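In: need a structure here:
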Amino acid sequence: MTPNQASKAVLDAAMAVHTALGPGLLEEVYKACLRRELQVQEVKVLSEVGLPVTYRDVAIDLAYQIDLLVEDVLIVELKAVSQLLPIHSAQLLNYLKICKLSLGLLLNFNTMHLKQGIVRLINS
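Out: Sure thing, here's the model as predicted:
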């Protein structure tokens, strides 16, 4: 599956989850439901993937956890906040750089319409 195909699968699944649940729940609820929706569609998805950071040639294992890694080609960072901030995009871009992946989605489920909470980021 290409990054764009994975992105489409995630967006379709996220729309289904948001339509069913609406805004106002905790991020963990959306993450579990989105993961389940992707599994039902037979899309490979891992959650809470450890992401070590290398600093001065030493791997720091406590660094970060990716919310969802889809088909090993797409990072999905979930939020349930009143508004996305630049730091949220910076976080996802750092994850993409560390993993050497090209595409990520930042999804904020705390919106009336999910399309208002979608940010697509490319690591060039």
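In: contacts and neighbour counts: CA atoms only from here.
Out: OK.
In: Longest strand in this protein, please.
Out: What stands out as the longest strand in the chain, according to DSSP state E, is strand 58-70.
In: For it, name the packing helices and strands.
Out: helix 27-40, strand 45-55, strand 74-79 (3 or more CA pairs under 8 Å, 6 or more residues apart in numbering; DSSP states H and E).
In: now the angle from the longest one to strand 45-55?
Out: Relative orientation of helix 27-40 versus strand 45-55 (axes from the mean of the first three to the mean of the last three CA atoms, to 10 degrees): 120 degrees.
In: wait, A80 sits on N110?
Out: Yes - using CA atoms under 8 Å, A80 is in contact with N110, at 4.7 Å.
In: ok, the two, which is more surrounded?
Out: N110 (23 against 20; other CA atoms under 10 Å).
In: Report the buried residues of stretch 42-49.
Out: Across stretch 42-49, burial judged by 16 or more other CA atoms under 10 Å covers 43, 45-47.
In: Stretch 49-56 now?
Out: 51-53.
In: who touches the longest helix seen in the chain?
Out: Criterion DSSP state H: the longest helix present in the chain is helix 3-21. Identification of contacts with helix 3-21 by CA atoms under 8 Å, 6 or more residues apart in numbering yields 30, 33-34, 37-38, 43, 70-71, 73-74, 102-103, 105, 109, 114.
In: Repeat that for stretch 86-104.
Out: Contacts for stretch 86-104 (CA under 8 Å, 6+ apart): 3, 51, 53, 66, 73-77, 105-106, 120-124.
In: can you tell me the helix or strand for L105?
Out: strand 103-108 (DSSP states H and E).
In: angle of that strand against helix 3-21?
Out: Angle of strand 103-108 versus helix 3-21, following the same axes, to 10 degrees, is 10 degrees.
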